Structures are given as structure tokens and as C-alpha cells.
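In: coords please:
(chains A and B)
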Amino acid sequence: MAEMWITMGPQHPMTHGLWTLRVKVDGETVTDTEAELGYIHRGVEKICEARDFTQITPYCDRLCYVSAMTWAHSYIMAAEDLLEAEVPERAEYIRLMAAEVQRLASHLMWLGAFGPDIGNLTLMTWCLRDREMFLDLLQELGGSRMHYNYPRVGGVKRDIPIGWADRMKAKVKLFENRINEYEMLLDESTIWLVRLQGVGYATAEDQLNAGVTGPNIRAAGVNTDARWTNPYSVYDQVDWEPAVEKPTSVKGADCYDRYRVRMEEMRQSCRMLLDAIEKIPGGANTHYQPGDEMILTKAPTRAPEGATGFSTYECTRGVSNFYIQGGGDGRGKNPYRLSIRSPMFITIPYVAKTMIGYKIADIPAIMGSFDPCIGETDR
Amino acid sequence: MTEMGTTVTKEQNAEAAKAAADNLNARFSDAGVSTDVVAHKGGMKYDFVRITCSPDQWIGVAKHLKHELGVNHCAMVTGTHYPSGDDGRGWEVAYHMHRWPITNVKAHTMIVHEGEKLKGDDIPMEFEIFIPLPAGDSPSVPSIQDLWEGADWNEKETWDLVGIDFEGHVNMHRVLNPHDSPVGFHPLQRQHKIRYHDYNEMYDDPQGFGRKPVDEGRVK
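Out: The predicted structure follows:
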């Protein structure tokens, strides 16, 4: 049969965003693919050269609108490396909790979007219902529902409000039971298993060489988690363990393993949150005023020429890196160059190549299981 | 302490960074490659290795990193434009790489490392490589696309946005800019200014009343 090219996207339910996958098919079998990105390139790196270090945070929030808190933290860590700012321990704990609540919300958005791909529409309504709980928690911290502008160089914008700890604990405990509910719905669904198992194999070494990180590579049975390998913040003080899945084949992890690893990661985030709220210095039900030295230290606002900052941060989709050079406009008030490494920018071309040999109906399952986010991909 | 093992300690990390730097210095210091150990500030509690080399030495250093020091992840490639060209540096390419103790596993197994028991080249490590390039219109470094597949799209992006040419890169094309962008248009070069909402405009004229059309004075 003659081969032909099919264009999936930029408007296609599989893409979870705005990009194009060009697929060459022989009958129903995929024989070649090409990814085309760049539809929502906003030039964040260029814009940041004309902003000072506090003004950049909102732009980094908007890199991934599903996971704003982790991206802002990733940037702030690089800025702190550059400006040599010290962070009070209470602020580190608050940041950890904020990032983990965001991770829960982000994974729920992923699961909610992945369900309809596989033919389970119930999942979308369930996940968005539960995600609302966590967005409410984050709204109490940052003031808005999705883009928080929360971390500051040297700490956080505001302390946790009175009562936040109790609400968070109640919601997390409720959600731990809800994860069991999800698993009862999914792991016993024949459609779910048939469409995910044995599809989209990817081995650990291949993925790492291609630059894939985060839950996608941990599904292949290796313990790589930047929170563990490159310890930052207070992740070494709270009770948790990296989510690692045992792959079901020598060919590596399939879509089902990647789904399992995220479910496990949500459990670990819950565990981390419940432990961190007990250990937070200064008490869980205290509210320090904005700018108090418990939550924010004074940090330099200018970076000299030649200074560099780099961060390695476990975002919800993999390791994100920021690299900042000091000495920009305004006598070092702006960065000279800010560079962003998005895990999905590297992952999407890799995933496009792993689809070769599978059926065209497997494409949504494979693509969705890697959790694409185009906001951070195109920057 | 969890069942999954502990994280790598500060001492292990410092030792591994020093070992990697010594290894690189022994092999490359005569050729003029400088290597030192740098500590992160702020929230990150570990050291990393910083290498500065010339484009001619880069492939040799890269192969050494991959095959001798076990660097298995090319995280990011950053190009920077220095129009002033001070110190013979008109451009710079910065590579950031990681080493993680990762091997394929058998089916139904997983590898969980006890962080404190890791030794030598199994200890996770971060590498930063600076390659200064002379000023000029055609900055160029050798491509490492065939060593780390992960460098492929990073190099495409760096060429697309900054205009640094990667010699030997197969299938170079625009990735973030439109495919029909003019030849030679690379927006992160410093001669391209942000038109609206420039730093000064934003504060002096936030409403934009004083803003003039781009072609003012040239249109009759």
C-alpha cells in the first residue's frame, strides 16, 4: 500500500495544545513522524532581558499554565543562585508545600485530559473536581487561581494564611482516598488496560540520552528525581520517596507504567505535604506579615557582569533548568541573558519517534502518557 | 531516611566534583582547557564542575565527558551574543549537562540507589561548559548531536534564536520561529530591540500616548 503523510494538529484533541504532528502511515501503521513546534512562541527569553528579577516571575508562571508554581520556583532558584540570596527555612517549607500542591493539581489536569484520550470521560469530571480543591489552596497563597507570582528572590510573597494548614490537611487526606477511587475506576477497566498496556515502549537509557526526564523516565524503573539526585530546598528533610515504576517489559516502560508512576507520585506528594506541615519552623498556624524575616530575606537586586545562575528543578513534567547571566541593562538590574530548558521541548520530538511501528490509533495514548504541555515547550 | 534510600550527601558530591575536575585537568589542562569546581548559592546544596574550552577542543572534551566520566544527559544549550566583543568574546555557547546513574532495567524490576553508597562516576553531577567564540558574523561550534540525542533540538533552538551555527548538525531547521523567517534573522541577537514595552517606555509612558509609529518620518 502506498504510504502517505497525515497532519495531526495544530487543532487536534491528541495534541493537548497547539502543535503539529505529521505522521507517515502505511495502512494503519506509523512509519515516520515529524513534530512541528513553535505555534505559541512568545519570546519569553527576549522579554526577560528587559525586566528586572522580580518582574520576570509572572512570565515564568505563564510558561506552563497548568504548573505555574513549579516554573516560578525553578526560575527563582536560578535567580537566587545568581544573586547569592539566602532563603529562610520557613520559606523553603512553604515553597515545598506550594510546589507539591501544584504537582497534585498538574497531575490531576494530566489525568483529566488523558482520560478522554483513552475513552473515559468520567475521569475528566472527577479530576477537575479534585483539582479545584488544590487550586483553592494555591489561590489562598498567591491570590489568583492559576498564575500566582508567589515566590520572591529570598523567600515568598506572603506567609500561609491562618487555617490553611487545616484545610490543606483535610483536602490531602480526602484526596488520598480519591486516588484509590481513581484506581478502582481505571485499573479494572478493560478499555483502559487494553489501550495502554504494550504500547509506546521507551527504555531508560534511550530516554535519558534523548533528554527525557521526570516521571516519564522514572516509569522505566530508574530512580532519577532531581529532588533526590540534586538535593535542593528541604526535600531531604521531609518524609517521601521518589516514585519509580517497575516496567513491564525489557523494552522499557509502556503507557500504563507512565500512568502508574504519576499516580504513585501523587501519593508521595500527599505524604510530603502532610509531613512538611508538621515540621514547618515557626508553626503551621502562625502568620508572619509580608516581608518578615521568617519568610523573606533581603536580597541584592543587581547582579554583576560575569555572574551566572543555574537551577535544576523537578517540575511536574521533568527537569526544568534556568540559566541566567548577570550584568544586563540598568547596571545589572536585568539579566543579560536568560535561558530556559523546558523538559517537554525535548520530550515531544523524542515521543514522536517512539510512535514509529505502532498503529495510528495508539498515537493519542502514547502522546498523552508523556504529558505534553505546549506553553512551556514553545516559551 | 526512607525505604527508597537516602539522597547523596554533600561530602560525596564535593568529592565527586573534585575527582571529575582533577580527571579533566590531568587530561586537558596542557591543551588550555580550564576546569574548576564551583558551589551553587541559594537553595541548591551541591557543587558542580565548570569547564571553559575553545571550539576546537570541544569534541574531544565532549567525548571524554561521555565515555570517561559517564555524562549521559545533555540538559540545555544556551547561546549568548556579546556585540561589544570584549576580551575576544563576541559570542558564547554554554552547555549544561548531567550525569545520573541510570541503566536499563530488566522487566518487573527497578533500580533504587542508596545515595550514600554511590561511588565514583555513579554519583550524580552537574557540568557546565563555556565555549567563548570570537566576534564576527558567523559564530560556529562543532555539533554534539551524535553524542547525545538530547542535544539535537537544543542546538536547533540555539541556531534558530541566537544564530550560532553547529557544524555537522544534520537536519537543521527553524523550531520556534516561523519556518519562513528571513535568512539571518535570529531574534536573540542583541541588535534586535524589543519594540514595545521597552524598559524605559514601560515606566515613562505606560499608556503609550507618546508612542510613535515605527515608520515615522519615513512616510510621506
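In: Show the model's pLDDT score for whatever residue of chain B ends up closest to chain A.
Out: Using C-beta to the nearest C-beta, the point where chain B gets nearest to chain A is B:Gly150, with a distance of 2.7 Å. Where you see a C-beta, it was placed from the backbone N, CA and C, and this is true even at glycine. Per-residue pLDDT puts B:Gly150 at 88.
In: Excluding sequence neighbours, find me the nearest residue to it.
Out: Of all residues not flanking B:Gly150 in the chain, A:Gly211 sits nearest, at 2.7 Å (C-beta to C-beta, 6 or more residues apart in numbering or on different chains).
In: which stretches of chain B form helices?
Out: Here chain B has its helices, by DSSP state H, at B:10-28, B:55-67, B:151-162, B:199-204.
In: Also the stretch 151-300 of chain A?
Out: Defined through DSSP state H, counting those that start in this stretch, the helices belonging to the stretch 151-300 of chain A, from first to last, are A:164-186, A:190-196, A:204-210, A:215-218, A:226-229, A:255-279.
In: Could you identify which of the helices of chain B is most buried?
Out: Sort those by mean neighbour count, taking mean count of other C-beta atoms under 10 Å in any protein chain shown, and helix B:151-162 sits at the top with a mean of 25.
In: can you list the residues of the stretch 51-200 of chain A near chain B?
Out: When proximity is defined by C-beta under 8 Å from any C-beta of the partner chain, the stretch 51-200 of chain A lies next to chain B at A:Arg51, A:Met77, A:Glu80, A:Asp81, A:Leu82, A:Leu83, A:Glu84, A:Ala85, A:Glu86, A:Val87, A:Glu92.
In: any idea which helix or strand comes after whatever helix or strand the fifth one lives in?
Out: Assessed by DSSP states H and E, A:Leu82 sits inside helix A:68-83. The helix or strand immediately downstream of helix A:68-83 is helix A:89-118, counting by DSSP H and E.
In: In that next one, which residues are buried?
Out: Within helix A:89-118, the residues scored as buried using 16 or more other C-beta atoms under 10 Å in any protein chain shown are A:90-115, A:117-118.
In: Pull the contacting residues for the closest residue to A:Asp292 other than its chain neighbours.
Out: The shortest distance from A:Asp292 to any residue other than its chain neighbours is 7.2 Å, reached at A:Asp159 (C-beta to C-beta, 6+ apart). With contacts defined as C-beta atoms under 8 Å, 6 or more residues apart in numbering or on different chains, the neighbours of A:Asp159 are A:Arg90, A:Ile94, A:Thr286, A:His287, A:Tyr288, A:Gln289, A:Pro290, A:Asp292, A:Met294, A:Ile295.
In: which regions of chain B lie under the pLDDT threshold?
Out: Using pLDDT under 70 as the threshold, the predicted model of chain B has low-confidence ranges B:1-6, B:195-215, B:219-220.
In: what about the strands in it?
Out: Assigned by DSSP state E, the strands in chain B fall at B:34-39, B:47-52, B:73-81, B:91-99, B:125-133, B:140-142, B:165-167.
In: Can I get the ones you listed in a markdown table including mean neighbour count?
Out: Formatted as a markdown table, the entries for the strands of chain B read as follows, by neighbours: other C-beta atoms under 10 Å in any protein chain shown:
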| stretch | mean neighbour count |
| --- | --- |
| strand B:34-39 | 16 |
| strand B:47-52 | 22 |
| strand B:73-81 | 26 |
| strand B:91-99 | 24 |
| strand B:125-133 | 22 |
| strand B:140-142 | 19 |
| strand B:165-167 | 16 |
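In: any chance of those strands in JSON lines, with distance to B:Phe185 too?
Out: Compiled in JSON lines, those are given as follows (distance: least, C-beta to C-beta, whole Å):
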{"stretch": "strand B:34-39", "distance to B:Phe185": "35"}
{"stretch": "strand B:47-52", "distance to B:Phe185": "30"}
{"stretch": "strand B:73-81", "distance to B:Phe185": "13"}
{"stretch": "strand B:91-99", "distance to B:Phe185": "17"}
{"stretch": "strand B:125-133", "distance to B:Phe185": "20"}
{"stretch": "strand B:140-142", "distance to B:Phe185": "18"}
{"stretch": "strand B:165-167", "distance to B:Phe185": "14"}
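In: Output those in CSV; the columns should cover distance to chain A.
Out: Converted to CSV, the strands of chain B look like this (distance: least, C-beta to the nearest C-beta, whole Å):
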stretch, distance to chain A
strand B:34-39, 9
strand B:47-52, 8
strand B:73-81, 4
strand B:91-99, 6
strand B:125-133, 7
strand B:140-142, 16
strand B:165-167, 16
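In: Look up how far chain B lies from A:Ala299.
Out: When C-beta to the nearest C-beta, to the nearest Å is applied, the distance between A:Ala299 and chain B equals 9 Å.
In: Determine the number of other residues adjacent to that residue.
Out: 19 (other C-beta atoms under 10 Å in any protein chain shown).
In: in the stretch 51-200 of chain A, which segments are predicted with low confidence?
Out: Across the stretch 51-200 of chain A (using pLDDT under 70), nothing gets flagged, so there are no ranges to list.
In: So out of everything in it, what residue is nearest chain B?
Out: Taking C-beta to the nearest C-beta, chain B has its nearest neighbour within the stretch 51-200 of chain A at A:Glu80, 3.1 Å off.
In: Point to the residue nearest the middle of chain A.
Out: A:Thr316 (2.1 Å; C-alpha atoms, centre = their mean).
In: again, but for chain B
Out: Of all residues in chain B, the one closest to the mean position by C-alpha atoms, centre = their mean is B:Tyr95, 2.5 Å from it.
In: List the contacts of that residue.
Out: Neighbour list for B:Tyr95: B:Cys74, B:Met76, B:Val77, B:Thr78, B:Phe127, B:Glu128, B:Ile129, B:Ile131, B:Ile144, B:Ala151 [criterion: C-beta under 8 Å, 6+ apart].
In: CA atoms only: put stretch A:350-360 into CSV for me.
Out: Once non-C-alpha atoms are left out, stretch A:350-360 reads as follows in CSV (Å, rounded to 0.1, in the frame of the first residue of the first chain):
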residue,chain,number,x,y,z
TYR,A,350,11.5,12.0,21.1
VAL,A,351,8.0,10.8,21.7
ALA,A,352,7.2,11.5,18.0
LYS,A,353,9.9,9.0,17.1
THR,A,354,8.8,6.3,19.6
MET,A,355,5.5,6.1,17.8
ILE,A,356,7.0,4.5,14.8
GLY,A,357,5.8,1.0,14.3
TYR,A,358,2.5,1.4,16.3
LYS,A,359,-0.9,1.9,15.0
ILE,A,360,-2.3,5.4,14.3
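In: show me the contacts for the closest residue to chain B within the stretch 101-250 of chain A.
Out: Residue of the stretch 101-250 of chain A nearest chain B, by C-beta to the nearest C-beta: A:Gly211 (2.7 Å). Contacts here follow C-beta under 8 Å, 6+ apart; on that basis A:Gly211 touches A:343, A:346-347, A:350, B:73-75, B:148-151, B:153-154.
In: Same question for A:Arg267.
Out: The contact partners of A:Arg267, taken as C-beta under 8 Å, 6+ apart, are A:Glu176, A:Ile179, A:Ala243.
In: Among those, name the buried ones.
Out: Using 16+ other C-beta under 10 Å as the threshold, A:Ile179, A:Ala243 are the buried ones among these.
In: Verify the stated contact: A:Arg131 with A:Leu108.
Out: Yes - using C-beta atoms under 8 Å, A:Arg131 is in contact with A:Leu108, at 4.1 Å.
In: what's the residue nearest to A:Glu89 when sequence neighbours are not counted sitting at in phi/psi?
Out: Counting by C-beta to C-beta, 6+ apart, A:Glu89 lies nearest to A:Pro281, which is 5.1 Å off, once chain neighbours are set aside. The phi/psi pair for A:Pro281 (degrees, to the nearest 10) reads phi -70, psi 140.
In: ditto for A:Val25
Out: When quoted as degrees, to the nearest 10, the phi and psi of A:Val25 stand at phi -120, psi 150.
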